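K.L.:
Attaching a predicted model along with its sequence, questions to come.
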Amino acid sequence: MEEKILKIKRYPDAVLRKRCVKIEKITPQELALFKDMLFTMRAFKGIGLAAPQVGKACQIIVADIGDGPIKLANPRVLKKRGEDRMAEGCLSIPNVDVTIKRSFEVLVEGLNEKGELVEVKAKGLLARVLLHEIDHLRGRLIIDHLGLLEKMRFFKTNRKTRNSLIPSLNLPKIPFY
Ligand SMILES: [Zn+2]
């Protein structure tokens, strides 16, 4: 089956605020979603993507920071360690980047493509991507990490640029998840 480029849902689409349902079993439908999500993520030059971003409120994420794809269903953080700050972008919220404090190292558990429970150890950028995607599954977005003043600025700018296609800032430097 050929991969498809899926449509990326953008803020404020309601699906981005949904609490995503657990995957009961990995079926051909989930396998196709893993494949299409990775394809879509790469097409948009992202390094991670969560199912609600393509309109599916289920617990599936993909990531690839350059050392191979990660595909997980029902991802759950088992352990966290350290702390790190870095700017993040999100494919669902164009033209916005937010510096977010997250754990530097994580141990994440989830189902792989074969339906086996596996553990993924990650640090640095990969840990950050996984945490960003797991946030998506709970309806949590990068703008939720903004302080009050920054939030006001975001909503003001967002209103102004809602119907405009002019890309702002120097976003290509910031990774998109
Ligand atoms: Zn995102």
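P.N.:
Right, received. Where do you want to start? No experiment lies behind these values; they were computed from the predicted model shown.

K.L.:
interface residues of this structure facing the ion?
P.N.:
Counting by Cβ under 5 Å from the ion, the residues of the chain lying close to the ion are C90, Y177. To be clear about C-beta, it is placed using only N, CA and C from the backbone, and glycine gets the same treatment.

K.L.:
What strands flank the strand ranked longest in the chain, and is each parallel or antiparallel?
P.N.:
Counting residues, the longest strand in the chain under DSSP state E turns out to be strand 70-81. Strand 70-81 has these partner strands in its sheet, going by DSSP bridges: strand 60-63 (antiparallel), strand 105-111 (antiparallel).

K.L.:
Report the buried residues of the longest helix belonging to the chain.
P.N.:
As assigned by DSSP state H, the longest helix anywhere in the chain is helix 28-43. Residues of helix 28-43 classed as buried: E30, L33, F34, K35, D36, M37, L38, F39, T40, M41, R42 (neighbour count, 16 or more other Cβ atoms under 10 Å).

K.L.:
nearest to the ion, of those residues?
P.N.:
Taking Cβ to the ion as the measure, the ion lies nearest M41 of the buried residues of helix 28-43, at 10.3 Å.

K.L.:
All good on my end, thank you.
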